[in-house]
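Chemist: Got a predicted structure here, sequence first:
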Amino acid sequence: MNTRKRRYVPVSFLAQFASAHSKLPVMLAAHILVLIVGLAVGAPPAEAADCASLTSLALKDTTITSATVVPEAGTIPEYCQVLGSIHNLPQSTILFEVSLPTTKWNGKYFVAGGGGYNGVIPRLTQALTEGYAAAGSDTGHEAKNTNWAINNLDAQNNYAYLATHVVTLIGKQILRTFYNQHERRSYFVGCSNGGKMALAEIQRYPDDFDAAISGDPVIDRTKLMMQYAWNAQALASAPIPPAKIPIIEKATMNACRESGGAINGVLMTPGRCKFDPKTIVCPSGDGPNCLTSGQAQALQKILHGPVNSAGVKLHPGFLPGHEEDYQAFITGTGTEAAKPASTWILEDIFMRQFVFGPNFDSVKQFNFDTSLAALVPLASAQDNANPDLSQFKAHGGKLIMYHGWADHSITPLRTIEYYEDVIETMGKGRGDEQSEPNAYAVTDFMRLFMVPGMHHCANGPGPNVFGGANQGLPPQLDAQHDIVMALDRWVEDGVAPEKIIASHLTNGAVDRTLALCPYPQAPIFNGSGDANMAENYHCEDRSFHWALEGVQNPRKLPATAAPAAKWQVQQKVK
């Protein structure tokens, strides 16, 4: 190909230039420096005409169906859009996109994760706007095929972990051909199922990426689907209609105002809150402003999380507060089994297509003693809960995780548990297996940010825009307000994110900001100034479990417990 090699000017050279020419007139020096930076960052990496020739590129198991130049539009620069398919497994075809900026490439590679069961290629607009070459895929099946996973282990495995790895490598080959050089850095960014994809990559293929962002992740899908079945069963005999969700939210916010640290209607630490649904049971029967005893019991089960007949807790439950998203994620239309809430839909697909067969009714048939064994064989592919990230760390990898405290699709408690597992596994002194793990020992390569008042990946009453997946661009594009830029600065300059400023927007205008702190630090209001402004908060150290003091029956494990054996231990207890 007739490519023009991209020019880079090292940062060290820029610093030397600025020092050596400090006596030049200020305006002249500034203009020359801008010119040099332009050469380093904005020089066109390839001729746009080279795009079409990518269709003839020979890659293993890959067909490139089109390669076309998409003109600049708004904040999105002109780019070469490459579409194709990968036939890595006989019964699963991966559709993918690789988009390559033609004029404003930053020299780096960005792979985007998708949500739910994928089935569509995620939008790459955020990555392109920030100058990245980007890739994404449908992970090996199309959403229009509603029975894609039944008796199709190839499609299941591509979806679980393999497709992302394959597309990552193919994307790098296409990028390197187009630009005639290697990418300087490669990052993965995703939320929900995309957060799972990030964990799958760094656990299974630790050399694929220099860094990753995992938001509100599905950590162990088998157990999450089991939790969803638990919720559906709890609601089957006592549905909670949409009209009663505001009653629940009002009660939880009243109960949690002090313990949960409510500031201007947003709970800062809902894990400290203790709420008993019995407090809103109707005095007699039913009523418009209270719950029946059955509805209160169902809500209690949702908050507590699933247990087996011996009372062994199988998965953490949800936290009280900000239940305005319950209808979408948990309670649905208030009909039997919470249909059509998203969590019911997800677990119904999983139980029927991945585990038990198309005639299985999880609400009537799933048993929390005898059915658990059927999930175990799927865990090796579908779960990504390995806390040993030593190979990723040795590679120089950096990981930022985040989770909304008000997420009612994936409980934030499981993400905190996983972070604790990583600390437990990697946070001890070498050769000192009996010592207590240090909660701060992994922060040189991994950090977790909890987001007050944020629902699943975005939305909610709290500040919830900070450059995370599918949030759109933050109001300020810098490492303080954009989590992708914060990750990039950590990798490039070694500056770990000490806080990230999240914004809440109403009709496109910022009306609230908040400093997100690396867990277990917590955002604390200074006591004066506008409580809606991040500058009036500071990140304060707390004990690792301070934010969870209200959680019912939190997991208690000895420091020396083997993380890989936890699920097996639960099976033996039942």
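Modeler: That came through, no problem.
Chemist: Every contact and neighbour count from this point should use C-alpha atoms.
Modeler: Noted.
Chemist: wait, what's in contact with the residue nearest to the spatial centre of the chain?
Modeler: When C-alpha atoms, centre = their mean is applied to the chain, the residue found nearest the centroid is Gly215 (1.8 Å). Applying C-alpha atoms under 8 Å, 6 or more residues apart in numbering to Gly215 gives the contacts 190-192, 194-195, 401-403, 457, 468-469.
Chemist: May I see the residues you listed arranged in CSV, with neighbour count, pLDDT and distance to Ala262 as well?
Modeler: Formatted as CSV, the contacts of Gly215 follow (neighbours: other C-alpha atoms under 10 Å; pLDDT from 0 to 100; distance: C-alpha to C-alpha, whole Å):
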residue, neighbour count, pLDDT, distance to Ala262
Gly190, 28, 98, 29
Cys191, 30, 98, 26
Ser192, 24, 98, 26
Gly194, 27, 98, 30
Gly195, 29, 98, 28
Met401, 26, 98, 24
Tyr402, 26, 98, 20
His403, 30, 98, 18
Cys457, 27, 97, 21
Gly468, 24, 96, 24
Ala469, 28, 94, 26
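Chemist: What is the nearest of those to Glu420?
Modeler: Taking C-alpha to C-alpha as the measure, Glu420 lies nearest Met401 of the contacts of Gly215, at 12.6 Å.
Chemist: In the stretch 101-250 of the chain, where is pLDDT below threshold?
Modeler: Applying pLDDT under 70 to the stretch 101-250 of the chain flags no residue at all.
Chemist: Which parts of it are helices?
Modeler: For the stretch 101-250 of the chain, the helices defined by DSSP state H, counting those that start in this stretch occupy 125-129, 153-157, 163-179, 193-204, 221-236, 245-256.
Chemist: Looking at the ones you listed, spot the one closest to Asp493.
Modeler: Of the helices of the stretch 101-250 of the chain, nearest to Asp493 by C-alpha to C-alpha is helix 125-129, at 20.1 Å.
Chemist: next one: the closest one to chain centre, how far?
Modeler: Here helix 125-129 is found 18 Å from its chain centre; the criterion is C-alpha atoms, centre = their mean, to the nearest Å.
Chemist: so what does it touch, helix or strand wise?
Modeler: strand 92-101, strand 133-137 (3 or more C-alpha pairs under 8 Å, 6 or more residues apart in numbering; DSSP states H and E).
Chemist: hmm, 7 Å instead?
Modeler: Applying 3 or more C-alpha pairs under 7 Å, 6 or more residues apart in numbering; DSSP states H and E, we find helix 125-129 packed against no helix or strand.
Chemist: Can you tell me what sits against it?
Modeler: Contacts with helix 125-129, where a contact means C-alpha atoms under 7 Å, 6 or more residues apart in numbering, come from 75-77, 101, 110, 134, 472-473.
Chemist: Adding distance to Ala496 and neighbour count as columns, could you present the residues you listed in a markdown table?
Modeler: Formatted as a markdown table, those follow (distance: C-alpha to C-alpha, whole Å; neighbours: other C-alpha atoms under 10 Å):
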| residue | distance to Ala496 | neighbour count |
| --- | --- | --- |
| Thr75 | 28 | 11 |
| Ile76 | 28 | 19 |
| Pro77 | 29 | 21 |
| Pro101 | 28 | 28 |
| Phe110 | 20 | 28 |
| Ala134 | 24 | 29 |
| Gly472 | 23 | 13 |
| Leu473 | 21 | 19 |
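Chemist: got the residues you listed as JSON lines, with distance to Gln295 columns?
Modeler: Below are the contacts of helix 125-129 laid out as JSON lines (distance: C-alpha to C-alpha, whole Å):
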{"residue": "Thr75", "distance to Gln295": "49"}
{"residue": "Ile76", "distance to Gln295": "49"}
{"residue": "Pro77", "distance to Gln295": "52"}
{"residue": "Pro101", "distance to Gln295": "54"}
{"residue": "Phe110", "distance to Gln295": "45"}
{"residue": "Ala134", "distance to Gln295": "47"}
{"residue": "Gly472", "distance to Gln295": "37"}
{"residue": "Leu473", "distance to Gln295": "40"}
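Chemist: Just the ones of these in strands?
Modeler: 101, 110, 134 (DSSP state E).
Chemist: beta partners for the first one?
Modeler: Looking back up the chat, that one is Pro101. Tyr79 (DSSP bridges).
Chemist: Not counting residues beside it along the chain, what's closest to Ile150?
Modeler: Gln353 (4.5 Å; C-alpha to C-alpha, 6 or more residues apart in numbering).
Chemist: my guess is that neighbour meets Asn152, correct?
Modeler: No: between Gln353 and Asn152 there is no contact under C-alpha atoms under 7 Å: 8.9 Å.
Chemist: Compare these two and say which is more crowded by neighbours.
Modeler: Just comparing Gln353 and Asn152: by other C-alpha atoms under 10 Å the higher neighbour count belongs to Gln353, 21 against 15.
Chemist: can you pull the pLDDT of that one?
Modeler: If you check Gln353, the pLDDT there is 97.
Chemist: Which residue ranges of the stretch 251-400 of the chain form helices?
Modeler: Using DSSP H, counting those that start in this stretch, helices in the stretch 251-400 of the chain cover 293-304, 326, 342-349, 362-365, 376-382, 390-394.
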